[in-house]
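Peer 1: give me the fold of what follows.
(chains A and B)
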Amino acid sequence: MSIQKSEVRSQKSGAGIVSRVLLCGLCVAIFSMASGKATDQVSQGATVASNSEGWREAIAGYDFSFPRDHASHPEYKIEWWYYTGNLETADGRRIGYQLTFFRTGVAFRPLVESRWAVRDLYIAHFAISDIEREKFHWFERINRAGIGWAGAEANIYRVWNEDWQARLDGGDHLIEAAEGDFKLELRLTPEKKEIVHGENGVSRKGPSVENASHYYSITRFRASGRVMIEGRSFDVTGKSWMDHEFGTSFLGSEQKGWDWFSIQLDDGRELMLFETRRADGSIDPRSSGTLIEKDGSAIHIPFSELKLTPVSVWRSEQSGAQYPIEWKLEVPRFDLSLRIRAAFSDQELITQESAGVAYWEGSVIVEGAGARGRGYLEMTGYAGQSMGAVMGDGVKR
Amino acid sequence: MKAYFRLFHQFILRAFARAPLRSAITAVGISLGVGVMIAIRLANAGALESFRAATESIAGETSIQITGAAGRFDEMLMADLAWLREYGQASPVVTGFGQWSAVRGQGSGAGDQGSVDENASTQNQAVDSSEGEFLQVLGVDVLRDRALRRYKLLQLTSEEREVSAREFLLLLTDPRSIVLTEKFANRRRIAIGNRITLMIGDRRQEFIVRGLLADSGPARALDGRVALLDIAAAQVALGCAGFLDRIDVKLRGGVSLEEAEKEIAARLPKGLRVVRPQAAYGQVEKMISAFHFNLNALASIALLVGLFLIYNTVSVSVITRRGETGTLRAIGAGRRMILALFLGEAALLALIGAAVGLGIGRLLANAAVQATATTVETFYIARAATGALERGALGATEMLIAFGVALSLSLIAAALPALEASRVRPIEAMRGAERLARSRRPSRKNIAAAILLMALGYILSRLDAIGGLPIAGYFAALSLILGGAALTPTAIWIVCRASDALSSLRALQAERKMASANLRGSISRISISVAALAVSLAMMTAISIMIASFRDTVSYWIDQTLTADIYAKPVTRTASTADGAINEEAISAIKSNPQVAAIDTFTSLQANYNDNLITVAAGDFSVLLERGRLLFKSPSDAQEEIRKSINADSVLVSESLALRFNKQSGDEIVLPTTQGQHGFRVAAVYYNYSDTRGVAVMDRTTFERYFARLGPSSVSIYLKEGADAETASDEIARATARHQLLFTTSASVRREVLRIFDNTFSITRALELIAITVAALGVISTLIALILERRDEIAVLRFLGATRAQIRRMVVIESVLIGTVSQLIGVVMGLFTSLVLIYVINVQSFGWTIQFHFPVRFLIESTALMIVVTALAGLYPASQAVKVEAVRFAREE
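Peer 2: Predicted structure coming up:
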């Protein structure tokens, strides 16, 4: 089946957005997000760039420019920076990490004149997977900007939540986070260019034009730095992945949850794929994947061309959720038949104080005929809360 | 034992029944003493306990607080305190007070601006009424704060799960959102979604109730009078955007409190300091302890009088049952049995008195709390104590104290007469011999004792306060009074002789002679009762002189210092909260009134000086120099000092501050400023009777250099020549209607100050009344005792031809003579005691100079009153005396 390139791109980007939107949606849905309102008020095809609250909509024609677009876009309501990676100490100890910064707008123009007035909420999640000991450590932060506790600068790339931060140093990304006896300090050197998803600078994810966002990824970094686990410090090297997305109106989906994969193959290719599960148990046909070639070119993989099958399930005692922590992936077109399994079972975050949801996000090992590698897997909507309900609520409000 | 109770029943209880009034009088005397004591204890303990509880529940799990050295501090100071994370969770707090009042009429929407002006003055009146309730407004960042304080939000928990910090925050992000406690909401019938109005500072602000807190954690403080706002909204509502009141820190597990406290203190920038949450409690305790100490001292005087009464009653009992006692001894009762019987009587009276006293104490406690509320000027205490009293019953401790004190004092008081009774020899008692002492001059020993006691009193009055309490002063007063009491026999002798000496006065000559001889004959018997009366009168006189002097001083001070025509303050700034500032907009509105010649703004904040709360204030010294007037204690050329203090690092301090911390003009006082400790020169000491804690005033320009920018808390308005204060006041009130200011003309300020003054001293007056009532009861019971003792003599007189009228007159004259003696001693001792009160006790506990004022009129009036009261009091014993028939003599002989 041949698909026109533009369509491929838009489909692909839509997929990526949906997954991240849903995760961020968890954070924002209860904030009475105005996505529904926005849909009502922004008429089809109009050149209106802002919704009734003042937030700017993601519309076609956005001209990405780097490093400028690494920085924050406060005129949009939702924005996040997302880093994951698989690292290794000098003596071969394997460590996975996740460091995510969210910014979600609350009031475009706060009504009170105080530094504490909440314009945006800043949430951050930090997790370390101690693969050798099969121990998962995660932390969350939620702050208002206040007196500079958290923020994201609009001119240069620097996003922070207290002493956790990500910033640019030349072409490199410097990320750091610490909590108690745990610490992450990495220098990430891009090995591939930014891949802008979508068409004409905008990636549509819903049926109507305003259901869109601006979205790009850096799928391969060379990482080096230090990690402290339970008070012990290690020099580490490895690979990393970054996503950055910003927008205002998101699709009010009825999806129950999703499974999202970012795989870095040893042969220099990357694979991003996800599937969205619907309430009736079926998989949303918008689910899809992207293959990034060694030279940085991207190829869309439509839902029809990939087959994801859960192999084994792990039950979380804390949340009661049953996560498929081992998957079989088949992409006949690229002759890929991979087994993706969690580096260890319990890599679940129960972000009661910040995002308010439980999800599984952890390091995975990829093995199979034709390719092997490492990656990250994100699974949501298994902990009883139906993502659709959460999102639906948000839309209605 | 059984025999004892049978005897007790026949010998004591029956006697009680025969003379119910006398027993009742004694019991009442004791119960008043106990009552006052218990009342003070209840009020005191209740207030302190509730304050402690309130502090603790508001503090939550806060282990350390960081506060500004000088009040609120710039919030950006906190931005540099990220290192606090090493120690634990830090949460910024802004706090203040808001006055809630029920909305009258229907809520005025934003649309009807036009009607606002017309209602302005009436609205001012309405809000000022005491119907509202004060709420402590707590502004926090719930994202941070939940680690420190457990808010249990009732809403949003339908699924049995607590709301997340994020949900909680979003509930509050609208600046008009407020969360109240369930307790308060239920009491005031407020539901979620309702609009409520709070008066904060000079503004009326509307909020929407978004949630209710269950009765746990901080919601339990102040009986539910807590309102939670988001920190941003709270800053705006309280008018302190950019500033914080404190940072609460919850230390992480394993961090030592002492070490963290030390380390954090060392790392903090200038202008910030570390305190423990309990520190505030300690300061309040200090503040009210002086006040309650004074009350307790007065209560012990009431008890002292009760003690005299017990002595008196048991004496009477011993005298009247002399014959019976003899009989008992004759038929085999041992001395111990007799002793136990009379002590038993005292114990029984004490028990009844204490039981009644507990009830009285419970009632009086409310009055005491009211007095505290206006005196201590602390919302916390007033509120907390009322809450405690509403709930609080009499605890086991109070009962133990009441019965313990009453019993032990009664037994001590009864010991002397009871011992005397036990020494009665059977034969002598039955014969009825040696009943009365002969009329003789009182011994010199009494005079020597009196001189000794008074000398001791003088020495004590020279001593300094102990721990801020005028303990030596009270003992000085006590010594003086006891010294006066020791002079009683001599005084009786002198007065009786004087009465005799009026021989030229023919009227009632016979009766006078008889009365005088009777009294002189029973000097040893009546001295103690008369002394009791004299002590009460001395106390009354002393307190009256002090209050009158104080009132005169204050009144003079007001006249001298109230030079402005109109004063303005936010409605919410009452005697019990020192919160709220005047908006700049309001000030320019006042300034722009054509009748206004000048204004002087006054800003104050509470500062911590040597662990004591003092007031640091700012005024406009150039206006003060030109138009204002303060009464200066030192130096003589204060005007020049004020001129030099403009924009200089020097302060004017109130006399109370000067006395408390021993500062004279020219000294340096180191105050905590936003830039750390800074020394200021004391330019002058001025008299101020509106504050007991101490005030340091500086020029506004100086203040703004060292302290946070704060809106003025009051404004003095000087009008142009010929302007009418009343009309100008109304005009300005209309122009500033949006700001809820209270305008008072200097005339009404004067009235108001004197009203507060009189309120403050009303409890003292009540105590004084109690003392005199108890003493008057004493006169009656003393005379009854005398008459019972002299029944035979009276019978002889009747036999010899004395008419009933003559007997009655004789008894009334005795009563008046007793009153005169008491009054004489009372006035003299009262005068001395008042000097101690004014120059020692008052100065040590309040730091005020009171100009002594001799109340001639009062003394004349009270003496006249005393004669009338004692004459009236004599009527009842007289009626008992005339019942004695001449036949009695005939029969006995």
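Peer 1: which residues does the residue of chain B found nearest chain A contact?
Peer 2: Relative to chain A, the nearest point of chain B is B:Ala232 (3.7 Å; C-beta to the nearest C-beta). The C-beta positions use only the backbone N, C-alpha and C, and glycine is treated the same way. Shown in contact with B:Ala232 (C-beta atoms under 8 Å, 6 or more residues apart in numbering or on different chains): A:Pro110, A:Val112, A:Ser114, A:Arg115, A:Trp116, A:Ala117, A:Val118, B:Gly139, B:Pro175.
Peer 1: and with 6 Å instead?
Peer 2: A:Val112, A:Ser114, A:Trp116, A:Ala117 (C-beta atoms under 6 Å, 6 or more residues apart in numbering or on different chains).
Peer 1: quick check, pLDDT for it.
Peer 2: Note on B:Ala232: pLDDT of 92.
Peer 1: do A:Ser50 as well
Peer 2: So, for A:Ser50, pLDDT stands at 68.
Peer 1: again, but for A:Pro74
Peer 2: 93.
Peer 1: buried residues of the one helix or strand the residue of chain B closest to chain A maps to, list them for me.
Peer 2: Assigned by DSSP states H and E, B:Ala232 belongs to helix B:231-237. Of the residues in helix B:231-237, B:Ile231, B:Ala232, B:Ala233, B:Ala234, B:Gln235, B:Val236, B:Ala237 count as buried by neighbour count, 16 or more other C-beta atoms under 10 Å in any protein chain shown.
Peer 1: I'd assumed B:Asp141 was in contact with the first one.
Peer 2: Right, B:Ile231. Yes - using C-beta atoms under 6 Å, B:Ile231 makes contact with B:Asp141 at a distance of 4.9 Å.
Peer 1: for B:Ile860, grab the count of nearby residues.
Peer 2: B:Ile860: 10 surrounding residues under other C-beta atoms under 10 Å in any protein chain shown.
Peer 1: A strand includes it, no?
Peer 2: No - counting by DSSP: H, G, I helix; E, B strand; the rest coil, B:Ile860 is not found in a strand; it is helix.
Peer 1: and it, what is it in contact with?
Peer 2: So B:Ile860 contacts nothing (C-beta under 6 Å, 6+ apart).
Peer 1: and A:Gly85, by the same measure?
Peer 2: A:Gly85 neighbours (C-beta under 6 Å, 6+ apart): A:Tyr97, A:Ala223, A:Gly238, A:Lys239, A:Ser240.
Peer 1: and it, how far is that from A:Thr237?
Peer 2: 10 Å (C-beta to C-beta, to the nearest Å).
Peer 1: what do you get for B:Asp620?
Peer 2: Distance from B:Asp620 to A:Thr237, by C-beta to C-beta: 68 Å.
Peer 1: those two: which has the busier surroundings?
Peer 2: B:Asp620 (22 against 13).
Peer 1: any idea which element B:Leu328 lies in?
Peer 2: Counting by DSSP H and E, B:Leu328 is part of helix B:322-330.
Peer 1: report all helices and strands that that helix contacts.
Peer 2: helix B:426-431 (3 or more C-beta pairs under 6 Å, 6 or more residues apart in numbering or on different chains; DSSP states H and E).
Peer 1: continuing past the helix it packs on, what's the next helix or strand?
Peer 2: Later in the chain than helix B:426-431, the nearest helix or strand by DSSP H and E is helix B:444-461.
Peer 1: for that next one, packing partners?
Peer 2: helix B:471-486.
Peer 1: residues of the helix or strand following the helix it packs on that come out buried?
Peer 2: Next helix or strand after helix B:471-486 toward the C-terminus (DSSP H and E): helix B:488-501. Neighbour-count burial for helix B:488-501 flags B:Thr488, B:Pro489, B:Thr490, B:Ala491, B:Ile492, B:Trp493, B:Val495, B:Cys496, B:Ser499 (criterion: 16+ other C-beta under 10 Å).
Peer 1: grab the nearest non-local neighbour of the fourth one.
Peer 2: Which is B:Ala491. Spatial nearest neighbour of B:Ala491, chain neighbours left out: B:Val821 (5.0 Å); criterion: C-beta to C-beta, 6 or more residues apart in numbering or on different chains.
Peer 1: and the one you found, how many residues sit next to it?
Peer 2: 28.
Peer 1: I'd like the next helix or strand past whichever strand or helix holds A:Trp260.
Peer 2: Assigned by DSSP H and E, A:Trp260 belongs to strand A:255-265. Going down the chain from strand A:255-265, the next helix or strand is strand A:270-278, by DSSP H and E.
Peer 1: tilt between the helix or strand following that following strand and strand A:270-278?
Peer 2: Elements were assigned by DSSP H and E; along the chain past strand A:270-278, the next helix or strand is strand A:288-292. Going by axes from the mean of the first three to the mean of the last three C-alpha atoms, to 10 degrees, strand A:288-292 is angled at 180 degrees with respect to strand A:270-278.
Peer 1: ok so B:Glu793 is a strand residue?
Peer 2: No - with three-state DSSP as the criterion, B:Glu793 is assigned helix and is not in a strand.
Peer 1: show me which residues of the stretch 1-150 of chain A are close to chain B?
Peer 2: With C-beta under 6 Å from any C-beta of the partner chain as the criterion, the stretch 1-150 of chain A meets chain B at residues A:Phe31, A:Val106, A:Leu111, A:Val112, A:Glu113, A:Ser114, A:Trp116, A:Ala117, A:Val118, A:Ile142, A:Ile147, A:Gly148.
Peer 1: now, those residues that are in strands?
Peer 2: Of the positions in the residues of the stretch 1-150 of chain A next to chain B, A:Ile142 sit in strands, assigned by DSSP state E.
Peer 1: and the residues of the stretch 1-150 of chain A next to chain B as TSV, adding pLDDT and neighbour count?
Peer 2: Shown next, in TSV, are the residues of the stretch 1-150 of chain A next to chain B (pLDDT from 0 to 100; neighbours: other C-beta atoms under 10 Å in any protein chain shown):
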residue	pLDDT	neighbour count
A:Phe31	33	21
A:Val106	87	19
A:Leu111	82	14
A:Val112	83	20
A:Glu113	86	12
A:Ser114	90	24
A:Trp116	92	27
A:Ala117	92	24
A:Val118	91	26
A:Ile142	89	24
A:Ile147	91	18
A:Gly148	91	15
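Peer 1: among the residues of the stretch 1-150 of chain A next to chain B, which two are most distant?
Peer 2: A:Glu113 and A:Ile142 (23.1 Å; C-beta to C-beta).
Peer 1: for chain B, what lies in contact range of chain A?
Peer 2: B:75-76, B:78-79, B:143, B:164-166, B:170, B:173, B:175, B:231-232, B:235-236, B:241.
Peer 1: that older thread, redo the buried residues of helix B:231-237 as JSON lines? Include distance to B:Ala873.
Peer 2: Shown next, in JSON lines, are those (distance: C-beta to C-beta, whole Å):
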{"residue": "B:Ile231", "distance to B:Ala873": "67"}
{"residue": "B:Ala232", "distance to B:Ala873": "70"}
{"residue": "B:Ala233", "distance to B:Ala873": "66"}
{"residue": "B:Ala234", "distance to B:Ala873": "62"}
{"residue": "B:Gln235", "distance to B:Ala873": "66"}
{"residue": "B:Val236", "distance to B:Ala873": "66"}
{"residue": "B:Ala237", "distance to B:Ala873": "61"}
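Peer 1: noted, bye for now.
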